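[1] sequence first, then the predicted structure, then my questions.
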Amino acid sequence: MASPKQVKKSTTVEPDRTVELSEQEVLERQRENVTAILQAYRFTGLSGKLTRRGVCVCISTAFEGALLDSYFVDLVIEKPLWIHHHSVPAFIPLEKIAAQFLQTDVQRFLFTLSEYLNAYSGRKYQADRLQSDFAACLAGPLQRNALNNLLSFTYKNNMGAKSMLYCARLLYKDLTKTLPTDVTVTYQGEEALSTSQAELQTAQETLFCTKPIHQVFASFSQVEKLDSRIQS
């Protein structure tokens, strides 16, 4: 017959083993869950591969069908989940996103991070296109910050009877968006604007709010070509 001490020992060790097995099962399910998410959404820019300690997720960004930069996040599947290392730019609020979702909803964590990265890449793509494709329209350098959510530039617009100089300031308060939330277009001339010129300035502000920057300048060019054909 077992002594009281032996009975006590057997009843304390067994629950500990049960807890350990349960935690292992939970971690394995988390690993399977992340893998399933990556497989299900591989066509949305999310991909990854299993590592010894978890999974390395790759987030590929794109804008208007153009493939842009890719970033990785190396997740260690332990309790709690944590990020071993990553290539996410410092100005993207990775820590904030992880604090909100990483422990409770991995899918939402990945989707939210992807949203931020795609928006950043999209804004940068637009600014790069403005500099490369429409440099002749700019009167001076394009000013932008690292996040590309604050842009300022002076440009020439030949729409209408004469060439006019404007200064535009585009602010993207929502870092998950590729269109600005606040747009200011200011005429740089000394004379007062006529009614039609003021309407043209307002129309340009509307364009910047509703279309990517390079598309706005492309539309300017199309109107200028049409005007030149009419005048000729």
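    Yep, that arrived.
[2] rest of the way, CA atoms for contacts and neighbours
    Will do.
[3] pretty sure Lys79 sits in a strand.
    No - according to DSSP: H, G, I helix; E, B strand; the rest coil, Lys79 belongs to no strand; its state is coil.
[4] Arg108 is in what secondary structure piece?
    Taking DSSP states H and E as the definition, one finds Arg108 inside helix 106-133.
[5] what packs against that helix?
    Identification of packing neighbours for helix 106-133 by 3 or more CA pairs under 8 Å, 6 or more residues apart in numbering; DSSP states H and E yields helix 4-40, strand 54-63, helix 94-101, helix 213-231.
[6] and the ones you listed, which one's lowest on average pLDDT?
    Of all the helices and strands packed on helix 106-133, helix 4-40 carries the lowest average pLDDT, namely a mean of 57.
[7] now the helix or strand just after that one against strand 54-63, angle please.
    Where DSSP H and E defines the elements, the next helix or strand beyond helix 4-40 is strand 46-50. Interaxial angle of strand 46-50 relative to strand 54-63 (axes from the mean of the first three to the mean of the last three CA atoms, to 10 degrees): 160 degrees.
[8] just the CA coordinates for strand 46-50, please, in CSV.
    Provided in CSV are the C-alpha atoms of strand 46-50 (Å, rounded to 0.1, in the frame of the first residue of the first chain):
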residue,chain,number,x,y,z
LEU,A,46,1.2,37.5,-47.4
SER,A,47,3.5,34.6,-47.5
GLY,A,48,5.9,32.9,-45.2
LYS,A,49,7.9,29.8,-44.2
LEU,A,50,8.1,27.8,-41.0
